[in-house]
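Trainee: Please find the sequence and the predicted model below.
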Amino acid sequence: MARFLVSRLAGVVLILLLVCLFTFGVFFVLSPDPAVQICGKNCTPELIERIRDNLGLDEPLLTQFLTFVSGLFAGRTYGVGESATHCAAPCLGYSFQSSQPVWEMITDRLPVSVTVAVGAAVLWLLVGVVGGLVGALKRGTWWDRSAMVVALAGISIPNYVFALLLQYVLVVELEWLPFPQAVPFSEDPTRWFQNYLMPWIVLAFAYASVYARLTRANVIDTLEENYVRTARAKGLPGRLVIRRHALRPALTPVVTIFGMDFAGLLGGALITETVFGLNGVGKMTADSIARNDQPVIMGVTLLAAAFVVVGNVVVDLVYTALDPRVRVRSA
Amino acid sequence: MSGATSEPLLRVEELTVTFDGPRGDVDVVRELSFALEPGGSLGIVGESGSGKSMTSLAVLGLLPAGARRTGRISLSGRELTALTERQLRRVRGDRVAMVFQDPLSSLNPYYTVGAQIAEAYRAHRQRATRREARRVAVEAMERVHIDDAARRVDHYPHQFSGGMRQRVMIAMALCTEPDLLIADEPTTALDVTVQAQILRLLTEVRAETGAGLVLITHDLAVVSEMTDEVLVMRQGECVERATAERLFSDPRHPYTRALLDAVPRLDDEVGELRSVDEGGAR
Ligand SMILES: Nc1ncnc2c1ncn2[C@@H]1O[C@H](COP(=O)(O)OP(=O)(O)O)[C@@H](O)[C@H]1O
Ligand SMILES: [Mg+2]
């Protein structure tokens, strides 16, 4: 087990380095000269030259990459003398447009994105798994059909359409919810909750639809397994047959996919956050793309990749704990 | 235990199993009747698809979705087809236990074999504690000659060989001391050498417990050694029913003769079977 963990962690570090290299390559080689971007309107060739010098843009790519990586661990300083800007470790880069280290920008907004992700995840797991279960156990009934029609809608309706629709109905027409406005939890918990409710619903709807269909299919498949027949032949009551013998095998793959989806969402929900004016990592990313603020885009990309890679390892560990065939090698 | 009545242990009368298919109903078992005395043994033979498994599943009401059953099935005089699901549950696993064909897929990969045996025991002995059920599981495993049962009880199905898994299935069936054991091709998924061991184990267990046995197989040679009586099935119907001896010495139905021809002789390669179709039954 310890050896397994060490090898997985080594793999994580390696993959993250590769992701760094790739992201770095894409942003600093393929995109327009960052110096020109930073320089802005009142630009002179001398100024550009100074910026390039400050950023080390004249250095070979490998040197730049190593500077970037060492900045992650030790921090770095852009430029020299009075105009020098320090970026403390972990330095993911510096946004000259916002005059702020990227890491700071992200950590400022991460709590919002995490709140969005956690709330949505709770909702979609509950609704998705329960909906899928009902569909599987009441297969072919009115319950099953309506659940699956709703799920189909959730999969096919684009996120932003549903978001705008929901906002229009709940806020404008029915006036059940106030206009979205960021309020800290400590100030007004009700308002805070109302503010997050729609983003949660919008995100959860799409995911829950996928989960409901997956759960339904898995449960139906599992119920046809021979070991379920064995459980019935033993004389177990129906609910025990389902709970012990069908649910656990059917839900294990759901756990796996959940880990990946959740990790992916931690990097920010671009569309949902933007539509509902939530100042999270997703909205920041969308804004940065609009302004072409490259260091921020790159930092967010790296962060999202890190979440997914780490999420992957966590999923592996959980899966190992859940499935004895992986956990215990043949004797 | 059924007491000293003259009722047979199991009586099946005019059992018909029907699937509603896309092109109308299909009878996969048609008006099948047989009876088994307490402690007796019956072999059901027939080629693949002849309705043997559906017959055995019909007894305990375990037919797959889409299948219907008509006819009468009684256990020691008690009509099973009239029972509610709850009443039937008390019969399943307790008075009548089943052993299935493929022990790997018939055991749940997520639980230890001990947990699965104990579960069968506790399903019918509600007052049994976990510890007691575990002890019963170890004992049952010892009875089917699984070495080091006290340790193996905590292992998962994938950690056992095919033959050992089938022993686990038999231990699971035995732990409640059933009156009737229904084994549906218990050796088909196993190696030839292991097959003989499992059959020997079934014989031994029967001698110990006095349980009746319905043994389903497509192999006449197996049935002739294991059971007093043999029922030959073809396309859902009984074509011949006789004592094992009579069936071999004087097969009446051409299909039985064809099946007999397909039994490997000593000079055949082990495991090589002549197909029934080639035997000229059709
Ligand atoms: N779920 C099902 N739906 C429709 N037909 C089935 C189903 N299961 C089995 N059958 C049919 O029932 C017949 C008898 O099957 P079975 O009892 O399993 O045969 P055997 O055990 O003798 O090999 C076969 O022809 C098979 O095609
Ligand atoms: Mg069969």
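Mentor: Happy to help now that I have it. Every value quoted in this text rests on a predicted model; they were computed, and no experiment measured them. Ligands and ions are numbered 1, 2, ... in the order given.
Trainee: CA atoms for contacts and neighbours, from now on please.
Mentor: Will do.
Trainee: check contacts around the residue nearest to residue A:164 when sequence neighbours are not counted.
Mentor: Nearest residue to residue A:164, sequence neighbours excluded (C-alpha to C-alpha, 6 or more residues apart in numbering or on different chains): residue A:275, at 7.5 Å. Shown in contact with residue A:275 (C-alpha atoms under 8 Å, 6 or more residues apart in numbering or on different chains): A:160, A:163, A:164.
Trainee: what ranges do the helices span in the stretch 151-282 of chain B?
Mentor: For the stretch 151-282 of chain B, applying DSSP state H, counting those that start in this stretch gives helices covering B:162-174, B:192-209, B:220-226, B:244-249, B:254-262.
Trainee: So residue A:4: helix, strand or coil?
Mentor: Classification of residue A:4 using DSSP: H, G, I helix; E, B strand; the rest coil returns helix.
Trainee: Tell me which other helices or strands the helix or strand hosting residue B:117 touches.
Mentor: Per DSSP states H and E, residue B:117 falls inside helix B:113-122. If you count contacts as 3 or more C-alpha pairs under 8 Å, 6 or more residues apart in numbering or on different chains; DSSP states H and E, helix B:113-122 packs onto helix B:130-143, helix B:162-174.
Trainee: Run the chain-centre distance for the shortest one.
Mentor: Put plainly, it is helix B:162-174. Chain-centre distance of helix B:162-174: 13 Å, with C-alpha atoms, centre = their mean, to the nearest Å.
Trainee: Can you name the residues in contact with that helix?
Mentor: For helix B:162-174, contacts defined as C-alpha under 8 Å, 6+ apart pick out A:234, B:93, B:97-100, B:102-104, B:107, B:113, B:116-118, B:120-121, B:137, B:140-141, B:143-146, B:157, B:181, B:186, B:189-190, B:194-195, B:198.
Trainee: Drop anything exposed from those residues.
Mentor: A:234, B:93, B:97-100, B:102-104, B:107, B:113, B:116-118, B:120-121, B:137, B:140-141, B:143-144, B:146, B:157, B:181, B:186, B:189-190, B:194-195, B:198 (16 or more other C-alpha atoms under 10 Å in any protein chain shown).
Trainee: if we look at ligand 1, which of the residues you listed are close to it?
Mentor: Among the buried ones among the contacts of helix B:162-174, no residue sits close to ligand 1 (C-alpha under 6 Å from any ligand atom).
Trainee: Count the neighbours of residue A:260 for me.
Mentor: Burial of residue A:260, expressed as a neighbour count using other C-alpha atoms under 10 Å in any protein chain shown, amounts to 19.
Trainee: so which helix or strand takes in it?
Mentor: Counting by DSSP H and E, residue A:260 is found in helix A:248-266.
Trainee: just checking, what packs against that helix?
Mentor: helix A:102-137, helix A:189-223, helix A:294-322.
Trainee: change it to 10 Å
Mentor: Where contact means 3 or more C-alpha pairs under 10 Å, 6 or more residues apart in numbering or on different chains; DSSP states H and E, helix A:248-266 is packed against helix A:102-137, helix A:189-223, helix A:281-291, helix A:294-322.
Trainee: want to throw the ones you listed into a markdown table with mean neighbour count, distance to ligand 1 and mean pLDDT?
Mentor: Shown next, in a markdown table, are the helices and strands packed on helix A:248-266 (neighbours: other C-alpha atoms under 10 Å in any protein chain shown; distance: least, C-alpha to the nearest ligand atom, whole Å; pLDDT from 0 to 100):
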| stretch | mean neighbour count | distance to ligand 1 | mean pLDDT |
| --- | --- | --- | --- |
| helix A:102-137 | 20 | 17 | 93 |
| helix A:189-223 | 21 | 13 | 91 |
| helix A:281-291 | 19 | 50 | 91 |
| helix A:294-322 | 20 | 30 | 88 |
